[in-house]
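A.B. asks: sequence first, then the predicted structure:
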Amino acid sequence: MASSGTTAEFNPPINFSMVAPGVYRSGFPEGDNFSFLEKKLKLKSVLLLVPESIPDKLLAFYKQAGVKVYVAALPPAFTFIIFQVFQIGVPGNKEPFVDIPSDKIADALSVILNKNTHPILLHCNKGKHRTGCLVGCLRKLQNWCHSSICDEYRRFAAPKARALDQQFIELFDISLLTYDKRHVPDWFERERGFS
């Protein structure tokens with residue numbers, strides 16, 4: 001029987017999955033997920049997709065772990081550097097008047113496509129809608145067919161998949177994206193033919 005310390009190391013956040021080598025997705029990490037994030041994933045960066053402030057407990061964990069926190073374009077809250085936290089506030093895509101801003105998704109994709117940020121965890125509150133839109137737009141860049149992108153989105157968003165999110169992914173203009181081809185991850189280079 002494993003000790004409780006060992007068990008805690010294997011407790012990933014809700015909706016956790018690998019997106020690509022060095023890129024992971026999940027819902028908001030809770031206290032019992034911290035050991036997994038620190039010891040198993042050895043994260044370098046975290047990309048938060050929520051406009052709300054980071055909860056004190058999570059902020060304390062990042063600080064204790066030596067985190068460099070970035071909140072949008074503001075100066076870093078901490079100057080330690082074990083991993084970085086990028087916060088790109090993305091509102092949920094809810095009818096009738098709240099849309100996901102395409103420029104925020106493009107900014108987030110630029111962070112993901114910089115291998116210097118890896119390993120990186122992408123998350124919103126539940127790891128469903130905003131994270132699903134971001135991963136769906138990454139899949140679009142990877143030349144996945146739209147039906148496969150939507151299948152993956154629905155798998156994580158169930159039982160509350162949003163048609164507006166799937167439409168956002170379909171209509172996302174990849175020409176908005178800028179990234180440095182010198183720093184793209186190997187897996188993306190192979191898929192896009194940069195090598």
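C.D. replies: Everything's here; your move. Numbers count the residues shown, from 1 in each chain.
A.B. asks: gap between the spatially most central residue of the chain and residue 108?
C.D. replies: With distances taken as Cα atoms, centre = their mean, residue 122 lies nearest the centre of the chain, 1.5 Å away. Going from residue 122 to residue 108 by Cβ to Cβ, to the nearest Å gives 8 Å. (C-beta placed from N, C-alpha, C; glycine too.)
A.B. asks: identify the contacts common to these two.
C.D. replies: Counting by Cβ atoms under 8 Å, 6 or more residues apart in numbering, the shared contacts of residue 122 and residue 108 are 47, 49, 134.
A.B. asks: the second one reaches residue 121, doesn't it?
C.D. replies: Right, residue 49. No. Residue 49 is not in contact with residue 121 according to Cβ atoms under 8 Å; the separation is 10.9 Å.
A.B. asks: sorry, back to before: mind checking the SS state of the residue nearest to the centre of the chain?
C.D. replies: strand (DSSP: H, G, I helix; E, B strand; the rest coil).
A.B. asks: spit out the contact partners of it.
C.D. replies: Applying Cβ under 8 Å, 6+ apart, the residues near residue 122 are 19, 23, 24, 25, 26, 47, 49, 108, 112, 131, 134, 135.
A.B. asks: out of those, list just those in helices.
C.D. replies: Of the contacts of residue 122, the ones assigned to helices by DSSP state H are 108, 112, 131, 134, 135.
A.B. asks: lowest-confidence one in the contacts of residue 122?
C.D. replies: Lowest pLDDT within the contacts of residue 122 is found at residue 49 (82).
A.B. asks: what's the burial count for it?
C.D. replies: If you count neighbours by other Cβ atoms under 10 Å, residue 49 ends up with 26.
A.B. asks: and it, how far is that from residue 147?
C.D. replies: 24 Å.
A.B. asks: list the contacts for residue 118?
C.D. replies: 22, 23, 44, 45, 185.
A.B. asks: the same query, at a cut-off of 7 Å, please.
C.D. replies: Residue 118 makes contact with 22, 23, 44, 185, according to Cβ atoms under 7 Å, 6 or more residues apart in numbering.
A.B. asks: who wins for most neighbours among these?
C.D. replies: Sorting the contacts of residue 118 by how many neighbours each has (other Cβ under 10 Å) puts residue 23 first, at 24 neighbours.
A.B. asks: would you mind measuring from the residue nearest to the centre of the chain to residue 179?
C.D. replies: Distance of residue 122 to residue 179, computed by Cβ to Cβ: 16 Å.
A.B. asks: just residue 65 next, same as before
C.D. replies: From residue 65 to residue 179 the distance is 27 Å (Cβ to Cβ).
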